[in-house]
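A.B. asks: Dropping the sequence and predicted coords here.
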Amino acid sequence: MEQTEVTVIGAGITGLSTAYWLKRKGVHVHVVETDNRVGGQIQTQRVKHYIFETGPSTGAVSTPEVAELMNDLAITSEGRCQLETAPDAAKRRLIWKGKRFYDLPSGLFSGITTPLFRFSDKLRILGEPWRKRGNNPNESIASLTVRRLGKSFLDYAVDPFISGVYAGNPDKLVVRFALPKLYALEQGYGSFIRGSIAKMKEPKTERDRLATKKVFSAQGGLSQITQAEADYIGKENISLGVKDVRINPEGNGWITTFIGADGQVQQLQSQWVITTCGAYNLPELLPFVDKKRMDDIAKLVYAPIIEVNVGMPDTFGGDYCAFGGLVPTKERQKLLGILFPSACFTQRAPKGGALFSFFLGGSKHPEMMEKSDDEIKDIVTEGLHAMLKFPLEAKPDFINISRHQYAIPQYEVDSEQRLSAVSSIERQYSGLIIGGNLQDGIGMGHRITQAANMVKRIIKPE
Ligand SMILES: Cc1cc2nc3c(=O)[nH]c(=O)nc-3n(C[C@H](O)[C@H](O)[C@H](O)COP(=O)(O)OP(=O)(O)OC[C@H]3O[C@@H](n4cnc5c(N)ncnc54)[C@H](O)[C@@H]3O)c2cc1C
């Protein structure tokens with residue numbers, strides 16, 4: 001039986017970042033992955049002269065840990081993995097209303113003049129600092145937004161934002177779990193506006209300043225990050241393409257049993273086991289956990305997403321210099337939104353061309369997953385002409401469709417039960433850490449930060 005100090009389950013960004021930092025700190029680690037490649041949801045592809053993502057497109061440098069990981073990877077990969085941040089010109093966020101996209105306001109003047117929000121709500125926002133603090137710990141994002149900002153802000157700012165980030169439903173997502181920083185602003189300062197101003201005035205350390213909030217990828221695409229992590233961890237410490245993974249406590253440690261890619265049963269003995277896979281994978285993986293607590297974890301709902309990348313050789317003079325456009329539910333369109341990756345990063349499209357990523361489905365339209373590829377292509381082609389205003393003669397170089405049944409976890413009202421089940425299992429079984437996107441946030445920045453925090457539980461900071 002092979003021995004290691006830490007077994008990590010899953011070679012997505014959470015598992016790889018955890019294993020990378022552990023190895024950086026001299027800990028012997030082994031990663032076990034059912035897929036036959038690393039990266040998990042992250043997968044960069046190349047077609048002709050385009051580079052596109054079939055999973056996440058961009059992350060945010062939301063915490064110092066993200067910047068620290070990227071800086072460190074640039075060193076250990078000897079420059080092969082380099083951070084790329086989006087230029088300021090690509091900051092614009094567009095929102096669909098009626099028959100065209102409008103800029104989401106970013107300042108006072110555009111906030112007053114935008115046709116996206118009702119005049120009464122624009123006036124209402126002036127009273128936000130004096131509105132009463134909420135007292136329902138399970139308040140939904142929709143309820144909080146209407147209460148503090150007004151219905152048109154829900155319809156034309158928050159609803160499309162939630163579609164873009166969670167592919168979710170603001171009526172169901174609970175603010176405390178899904179947007180904890182926003183919840184803390186209201187609870188801590190009594191107002192988003194007062195809280196944001198106070199936060200801006202707070203002194204920042206050199207390390208805090210690393211969290212630039214900038215939109216990031218890596219030169220050549222996000223797979224450069226996970227590949228650089230895997231290269232550093234080393235092939236010999238990663239088992240890919242395995243089956244029937246089971247973890248069981250034994251003595252003071254853990255035995256992980258699986259069928260390797262060669263069809264042979266293998267076992268790993270370790271002091272620690274960290275899981276980073278989805279909640280739906282855990283019942284099979286952790287057979288020793290009682291049904292009640294496992295049910296509380298595994299009932300986490302994931303929104304499905306279809307992502308369609310479209311390469312256009314010519315922009316026909318269109319202005320696609322923005323992060324992308326989002327479509328409010330109220331507008332009753334088939335698309336959730338469209339990202340413009342070639343405006344954010346280099347090498348995404350050939351000169352004169354552009355790359356677009358269309359999103360469909362989400363928790364409000366799971367039926368989209370049943371559509372055939374031809375039906376999806378028709379919807380996207382319609383969006384290309386009606387929303388992005390490409391002339392009818394414009395023909396894409398390629399259309400690539402990727403379907404994700406378990407794309408984004410929805411932090412709804414049952415999150416309390418899930419989180420308490422996770423901590424009670426971890427308390428009962430020492431050496432087991434249940435990570436992954438079932439808690440601590442859904443974005444890549446959250447995943448990297450969770451990885452760093454899990455490492456601190458194993459190697460206590462001095
Ligand atoms: C279409 C789409 C678009 C997205 N867009 C963005 C975005 O723009 N920005 C952003 O920040 N985030 C985005 N996300 C979310 C982001 O992709 C995830 O937060 C992140 O990639 C999840 O990483 P992870 O390592 O936690 O999980 P995963 O990437 O899911 O990795 C988990 C790994 O565990 C493996 N596994 C499962 N079961 C087992 C088992 N029993 N044994 C061993 N291995 C197992 C899986 O095969 C997988 O490789 C998007 C997600 C999707 C699907």
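C.D. replies: That came in fine, so what should we check first?
A.B. asks: burial of Leu286, as a residue count?
C.D. replies: 22 (other CB atoms under 10 Å). Every residue, glycine included, has its C-beta placed from N, CA and C.
A.B. asks: Flag every residue of the stretch 101-250 of the chain that's near the ligand.
C.D. replies: Taking CB under 6 Å from any ligand atom as the criterion, the stretch 101-250 of the chain approaches the ligand at residues Val245.
A.B. asks: which sections of the stretch 101-250 of the chain are below the confidence cut-off?
C.D. replies: For the stretch 101-250 of the chain, no stretch has pLDDT under 70.
A.B. asks: In it, what residue spans correspond to helices?
C.D. replies: 108-113, 119-125, 141-148, 151-153, 159-166, 175-178, 180-189, 192-201, 223-233 (DSSP state H, counting those that start in this stretch).
A.B. asks: what's the closest of those to Gly59?
C.D. replies: Smallest distance to Gly59 across those (CB to CB): 8.9 Å, for helix 223-233.
A.B. asks: Distance to Arg246 and mean neighbour count added to the helices of the stretch 101-250 of the chain, as CSV?
C.D. replies: Formatted as CSV, those follow (distance: least, CB to CB, whole Å; neighbours: other CB atoms under 10 Å):
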stretch, distance to Arg246, mean neighbour count
helix 108-113, 55, 11
helix 119-125, 54, 15
helix 141-148, 38, 20
helix 151-153, 48, 18
helix 159-166, 32, 23
helix 175-178, 30, 23
helix 180-189, 33, 16
helix 192-201, 45, 14
helix 223-233, 22, 24
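A.B. asks: Mind putting those into a markdown table with distance to Met444?
C.D. replies: A markdown table is the format used below for those (distance: least, CB to CB, whole Å):
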| stretch | distance to Met444 |
| --- | --- |
| helix 108-113 | 29 |
| helix 119-125 | 31 |
| helix 141-148 | 21 |
| helix 151-153 | 27 |
| helix 159-166 | 12 |
| helix 175-178 | 16 |
| helix 180-189 | 17 |
| helix 192-201 | 23 |
| helix 223-233 | 9 |
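A.B. asks: Out of the ones you listed, the one nearest Ile42 is which?
C.D. replies: Per CB to CB, nearest to Ile42 of the helices of the stretch 101-250 of the chain: helix 223-233, 5.3 Å.
A.B. asks: Quick one: list the elements packing against the closest one.
C.D. replies: helix 13-24, helix 64-76 (3 or more CB pairs under 8 Å, 6 or more residues apart in numbering; DSSP states H and E).
A.B. asks: Now render the ones you listed as CSV, adding distance to the ligand, mean neighbour count and mean pLDDT.
C.D. replies: CSV is the format used below for the helices and strands packed on helix 223-233 (distance: least, CB to the nearest ligand atom, whole Å; neighbours: other CB atoms under 10 Å; pLDDT from 0 to 100):
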stretch, distance to the ligand, mean neighbour count, mean pLDDT
helix 13-24, 4, 26, 98
helix 64-76, 10, 19, 97
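A.B. asks: Run through who's touching stretch 36-44.
C.D. replies: Applying CB atoms under 8 Å, 6 or more residues apart in numbering, the set of residues contacting stretch 36-44 from outside is 10-16, 51-56, 220-227, 229-230, 238, 240-241, 261, 402, 404, 407, 444.
A.B. asks: Next up, the contacts around Ile433.
C.D. replies: Contacts of Ile433 by CB under 8 Å, 6+ apart are 272-275, 426, 454, 457-458.
A.B. asks: separation between it and Asn309?
C.D. replies: Separation of Ile433 from Asn309 (CB to CB, to the nearest Å): 35 Å.
A.B. asks: Repeat that for Ala60.
C.D. replies: Counting by CB to CB - Ala60 and Asn309 are separated by 21 Å.
A.B. asks: which ones are touching the closest residue to Arg131 other than its chain neighbours?
C.D. replies: Counting by CB to CB, 6 or more residues apart in numbering, Arg148 is the residue found nearest to Arg131 once chain neighbours are left out, at 5.5 Å. Residues in contact with Arg148, defined by CB under 8 Å, 6+ apart, are 128, 131, 186, 191-192.
A.B. asks: could those residues go into a markdown table alongside distance to Pro180?
C.D. replies: As requested, the contacts of Arg148 are exported to a markdown table (distance: CB to CB, whole Å):
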| residue | distance to Pro180 |
| --- | --- |
| Glu128 | 19 |
| Arg131 | 20 |
| Glu186 | 11 |
| Ser191 | 17 |
| Phe192 | 14 |
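A.B. asks: Out of these, which comes closest to Tyr411?
C.D. replies: Glu186 (16.9 Å).
A.B. asks: from what I can see that closest one touches Asn135, true?
C.D. replies: No. At 10.4 Å, Glu186 does not count as touching Asn135 under the criterion of CB atoms under 8 Å.
A.B. asks: from the chain's centre, how far out does stretch 443-457 sit?
C.D. replies: 13 Å (CA atoms, centre = their mean, to the nearest Å).
A.B. asks: Would that stretch count as contacting the ligand?
C.D. replies: Yes. Part of stretch 443-457 sits near the ligand under the criterion CB under 6 Å from any ligand atom, namely 443-444, 447.
A.B. asks: What residues sit buried inside that stretch?
C.D. replies: By neighbour count on 16 or more other CB atoms under 10 Å, the buried set for stretch 443-457 is 443-452, 454-455.
A.B. asks: just the CA coordinates of it, formatted as PDB?
C.D. replies: The C-alpha trace of stretch 443-457 is given here as PDB (Å, rounded to 0.1, in the frame of the first residue of the first chain):
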ATOM      1  CA  GLY A 443     -16.000  31.300  -8.300                       C
ATOM      2  CA  MET A 444     -12.400  30.500  -9.100                       C
ATOM      3  CA  GLY A 445     -11.100  33.100  -6.700                       C
ATOM      4  CA  HIS A 446     -13.200  31.500  -3.900                       C
ATOM      5  CA  ARG A 447     -11.800  28.100  -4.800                       C
ATOM      6  CA  ILE A 448      -8.200  29.200  -4.700                       C
ATOM      7  CA  THR A 449      -8.900  31.000  -1.300                       C
ATOM      8  CA  GLN A 450     -10.500  27.800   0.100                       C
ATOM      9  CA  ALA A 451      -7.500  25.800  -1.000                       C
ATOM     10  CA  ALA A 452      -5.100  28.200   0.900                       C
ATOM     11  CA  ASN A 453      -7.300  28.000   4.000                       C
ATOM     12  CA  MET A 454      -7.400  24.200   3.900                       C
ATOM     13  CA  VAL A 455      -3.600  24.100   3.700                       C
ATOM     14  CA  LYS A 456      -3.500  26.300   6.800                       C
ATOM     15  CA  ARG A 457      -5.600  23.700   8.700                       C
END
